[in-house]
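> Provided below for reference: sequence and predicted model.
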Amino acid sequence: TQRSAGALRAADPESAQPPPPHCFAVADQAYRQMRSALTGRKPADQAILISGESGAGKTETTKFVMRYLAGLSLQGGSLQG
């Protein structure tokens, strides 16, 4: 479970597995790689797959990702906290 994984990570951060990527971090990386075409680097098509069991929050996570990407695009690529 997440709680036991967190306890293991707190006890021994070097040997514990890293947590799964956060939805905002994934969305941010996808957006930045997509925009890299504008800076002369090789463009990279992006897709984000949100999966999970029934009731795991896929719809809500998708909404978070879409709002984040929309906010980034409105602000030219840099969200201010």
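Happy to help now that I have it.
> for the longest helix belonging to the chain, packing partners?
Counting by DSSP state H, the longest helix found in the chain is helix 58-74. Counting contacts by 3 or more C-beta pairs under 8 Å, 6 or more residues apart in numbering; DSSP states H and E, helix 58-74 is packed against helix 23-35. The C-beta positions use only the backbone N, C-alpha and C, and glycine is treated the same way.
> Quick one: work out the angle between the longest helix of the chain and helix 23-35.
If you take axes from the mean of the first three to the mean of the last three C-alpha atoms, to 10 degrees, helix 58-74 sits at 40 degrees to helix 23-35.
> Sort out which residues of helix 58-74 are buried, please.
Within helix 58-74, the residues that count as buried by 16 or more other C-beta atoms under 10 Å are 61, 64-65, 68-69, 72.
> Output those in JSON lines; the columns should cover distance to R35 and pLDDT.
Below are these laid out as JSON lines (distance: C-beta to C-beta, whole Å; pLDDT from 0 to 100):
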{"residue": "T61", "distance to R35": "22", "pLDDT": "94"}
{"residue": "F64", "distance to R35": "20", "pLDDT": "93"}
{"residue": "V65", "distance to R35": "16", "pLDDT": "93"}
{"residue": "Y68", "distance to R35": "14", "pLDDT": "91"}
{"residue": "L69", "distance to R35": "11", "pLDDT": "90"}
{"residue": "L72", "distance to R35": "9", "pLDDT": "86"}
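> which one among these gets closest to R32?
Nearest to R32 among those is L72, at 8.9 Å by C-beta to C-beta.
> ok, now how distant is the closest one from F64?
Going from L72 to F64 by C-beta to C-beta, to the nearest Å gives 13 Å.
> any common contacting residues for those two?
Common neighbours of L72 and F64, using C-beta atoms under 8 Å, 6 or more residues apart in numbering, are A27.
> Okay, M34 and Q46: tell me how far apart.
For M34, the distance to Q46 equals 5 Å [C-beta to C-beta].
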